[in-house]
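[1] dropping the sequence and predicted coords here.
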Amino acid sequence: MTDASSSSPSSPASPAFRLLSGAPDSPVILHVPHASRVVPADVRAGITLDDASLTRELDHITDAHTAEIAEGAAAAAPLAPWRFVNGLSRLVVDPERFPDEREEMLAVGMGAVYTRTTHREELRPAGFDGQPLIERYFHPYARAVTDAVAERLEAVGRAVILDVHSYPARALPYELHGDGPRPPVCLGTDPFHTPGPLLDAARRAFAGFGGTEADSPFAGTYVPLRYYGKAPEVSALMVEIRRDLYMDEPGGAAGPGLDALAGALAGLVAWASG
């Protein structure tokens, strides 16, 4: 979820993110929020880790190669989806967190602006004021995603947000719900915005990778707050791919599994576009 207010669709896009055009009549948006390792120099200055430790943290926290999976799916889908891709690391801000006390990950120092690492070590100093980062990066991102959804609704009358993530094969210390199953593909759902047929289509699309689970180890999905709980014409599903299916962990190169996963995601996109 994000704190998403409206903005003009004609406003210039921030270099921190990109909306990549799909077919004019496609309702699908592939949202890729955590694929980047980019930390601007002025933001880096507020992080207490040395360079080697920061590299290791980026290895653990980045959803590596998910932008490539989404790109491959877009190329293979009969009707090209739109793609909204974060160009900055989630260590700058995490656009999928609440920016206030509603965020449960604040308990481990990982709200919209992280102050602790995946191993619960210091990332930013005690008393760090994250509000300037929220204003500079979080709110513009949220407005832009909201506008992208609004444009799909205006164009085709509905929007389907497929949130593309990955997660480690072994739980990291920051995880609040890491004791449950860690299936090859976790499907995060929302009781209002994830219709049963969409979940079933995702289960079929990813059936060949060893099984899926709903909402374990990560639950929920991303819907801008303008539409959350209010607009059934906005559907959403989170796709969390276990990293050992397609890459060397942590932070390694992609393997042949990437293309197969992109093909499976393309199949889900094709179903959602129909």
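    Done, it's in.

[2] where does the stretch 1-150 of the chain have low pLDDT?
    Within the stretch 1-150 of the chain, the set of residues satisfying pLDDT under 70 comprises 1-14.

[3] helices of that one, start to end?
    Along the stretch 1-150 of the chain, counting by DSSP state H, counting those that start in this stretch, helices occupy 41-44, 51-61, 66-76, 131-133, 139-156.

[4] pipe these into TSV and attach distance to Val185 per row.
    Every C-beta, even on glycine, is put in place using the N, C-alpha and C of the backbone. Output for those, formatted as TSV (distance: least, Cβ to Cβ, whole Å):
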stretch	distance to Val185
helix 41-44	32
helix 51-61	20
helix 66-76	12
helix 131-133	32
helix 139-156	23
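
[5] among those helices, which comes closest to Glu240?
    Among the helices of the stretch 1-150 of the chain, the nearest to Glu240 by Cβ to Cβ is helix 66-76 (9.8 Å).

[6] distance from that closest one to the middle of the chain?
    Centroid displacement of helix 66-76 relative to its chain, using Cα atoms, centre = their mean, to the nearest Å, is 14 Å.

[7] for stretch 163-179, same thing?
    13 Å.

[8] give me the mean pLDDT for that stretch.
    Averaged over stretch 163-179, pLDDT sits at 92.

[9] make sure Ala67 is actually in contact with Val85.
    Yes. Using Cβ atoms under 8 Å, Ala67 is in contact with Val85, at 5.6 Å.

[10] spit out the residues that contact the two alike.
    Counting by Cβ atoms under 8 Å, 6 or more residues apart in numbering, the shared contacts of Ala67 and Val85 are Val32, Ala35.

[11] and the gap between Ile69 and Ala35?
    Using Cβ to Cβ, to the nearest Å, Ile69 is found at 9 Å from Ala35.

[12] quick one: contacts for the residue nearest to Arg44 when sequence neighbours are not counted?
    Distance criterion Cβ to Cβ, 6 or more residues apart in numbering; nearest residue to Arg44, sequence neighbours excluded, is Leu54 at 7.6 Å. Neighbour list for Leu54: Val39, Arg44, Ile47 [criterion: Cβ under 8 Å, 6+ apart].

[13] find the nearest non-adjacent residue to the first one, please.
    Just to be clear, that refers to Val39. Leaving aside its chain neighbours, Val39 sits nearest to Ser89 (5.1 Å; criterion: Cβ to Cβ, 6+ apart).

[14] buried stuff in the helix or strand where Asp200 lies?
    Using DSSP states H and E, Asp200 sits within helix 196-205. For helix 196-205, a neighbour-count test (16 or more other Cβ atoms under 10 Å) marks Leu198, Leu199, Ala201, Ala202, Arg203, Ala205 as buried.

[15] kindly report the same for stretch 254-269.
    In stretch 254-269, counting by 16+ other Cβ under 10 Å, buried: 254, 257-258, 260-269.
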